[in-house]
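# kindly return the folded structure for what I paste below:
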Amino acid sequence: MRFIVLRHAESEWNRSGIIQGRSDSPLTEEGRRQIAGLGARLQMLSVTLLISSPAGRAFTTAETLAERCGCTVQMDERLQEQDFGRLEGLSYAQAMRDYPEATQCLFAGKAEASAPGGENAYEVAWRLMACLSDLAVDGQNQTLGVVTHGHALQALIWWLKGADPQEDLRRYGHRNCGYAMLDATASGFNLLSWGVATHLLPQR
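The predicted structure is shown next:
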C-alpha cells in the first residue's frame, strides 16, 4: 500500500502567523490555488481514498481533493495537528512574550519540547504511525491520500528517518499542500520521498 501524506492548504492563520494546533481557521484563496495544483498530481498518482484530520482546514482540503480524484473522504482524529496547549491562538511574538522558554524550544525543532498543556513530537509521531499502521492492515494495492498538518507531518518524517533526539525537526518541514510518499511493506514503512512541492510551482 502506498501513502501520500500531505499538509493541508494554506489557512488564514498560517498566513497571519498565528499558532493553530487544535484550533482552526478557514482556507485562503492561495490555499484554494494550492489544492488545484495538488489535485492534478493526486490524479496522476491514482489516489483511491482520502483520510483526513477532522480539523476544518484539513477536511476542506480533503473534500476538494476528493472531488478532483473521484474518491471519498474518511476522518481520523489521530491525524490532528500537534497540540500546542496554551500557545494556540497566539502569534509567535505573543507566545514568546508569555511562554518564552517553551516557545523557543518548540519552534527550534526540539523533539522533546511541548507547550504548556500540549504534546511533544514523540507523542505526535506515535499517533500518526498508529493511524498509518491500522490503514495498512488491509494490505491492498491502493494509494491512499492522508491529509494532516505541518508539525504532525514533520514529526512523522522525523520518526521514519530514525527519530534522532538531537536532530532539528524543522528540516522535515513541508509547504502547505506539500507531501511525502511512503510504502507500507511486510517489514514496515519505506519512506520514498518528502517535501515534494513541485506541483505548487507557477505554471508556464
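
# where in the chain is pLDDT low?
138-139, 203-204 (pLDDT under 70).

# longest strand in it, please.
strand 188-196 (DSSP state E).

# what comes up buried for that one?
Within strand 188-196, the residues that count as buried by 16 or more other Cβ atoms under 10 Å are 189, 191, 194, 196. All C-beta atoms are positioned from the backbone trio N, CA, C, and that covers glycine.

# mind putting those residues in JSON lines, distance to residue 99 included?
As requested, the buried residues of strand 188-196 are exported to JSON lines (distance: Cβ to Cβ, whole Å):
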{"residue": "189", "distance to residue 99": "34"}
{"residue": "191", "distance to residue 99": "33"}
{"residue": "194", "distance to residue 99": "30"}
{"residue": "196", "distance to residue 99": "33"}
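
# just those residues now: which is nearest residue 74?
Looking at those and their distance to residue 74, the nearest is residue 189, at 19.8 Å (Cβ to Cβ).

# list the helices and strands the longest strand of the chain packs on?
Contact partners of strand 188-196 among helices and strands, from 3 or more Cβ pairs under 8 Å, 6 or more residues apart in numbering; DSSP states H and E: helix 121-136, helix 150-160, strand 179-185.

# try 6 Å this time
Strand 188-196 is packed against strand 179-185, with contacts defined by 3 or more Cβ pairs under 6 Å, 6 or more residues apart in numbering; DSSP states H and E.

# so what strands line up beside the strand it packs on?
strand 2-7 (antiparallel), strand 188-196 (antiparallel) (DSSP bridges).

# with distance to residue 55 added, can I get those strands in JSON lines?
Formatted as JSON lines, the entries for the strands paired with strand 179-185 read as follows, by distance: least, Cβ to Cβ, whole Å:
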{"stretch": "strand 2-7", "distance to residue 55": "12"}
{"stretch": "strand 188-196", "distance to residue 55": "21"}
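
# so for residue 113, which of these sits nearest?
Nearest to residue 113, of all the strands paired with strand 179-185, is strand 2-7, at 20.1 Å by Cβ to Cβ.

# list the buried residues of the next helix or strand after that closest one.
The first helix or strand that comes after strand 2-7 along the chain, using DSSP states H and E, is helix 12-16. For helix 12-16, a neighbour-count test (16+ other Cβ under 10 Å) marks 13, 14 as buried.

# which ones are touching residue 61?
With contact taken as Cβ atoms under 6 Å, 6 or more residues apart in numbering, residue 61 is in contact with 8, 9, 35, 147.

# out of those residues, who's the most crowded?
Counting neighbours by other Cβ atoms under 10 Å, residue 147 leads these with 32 neighbours.

# coming back round to it: for residue 49, state which of the contacts of residue 61 is nearest.
residue 147 (11.3 Å).

# packing partners of the helix or strand encompassing that closest one?
Here residue 147, judged by DSSP H and E, is contained in strand 143-148. With contacts taken as 3+ Cβ pairs under 6 Å, 6+ apart, strand 143-148 sits against strand 2-7, strand 49-52, helix 56-69.
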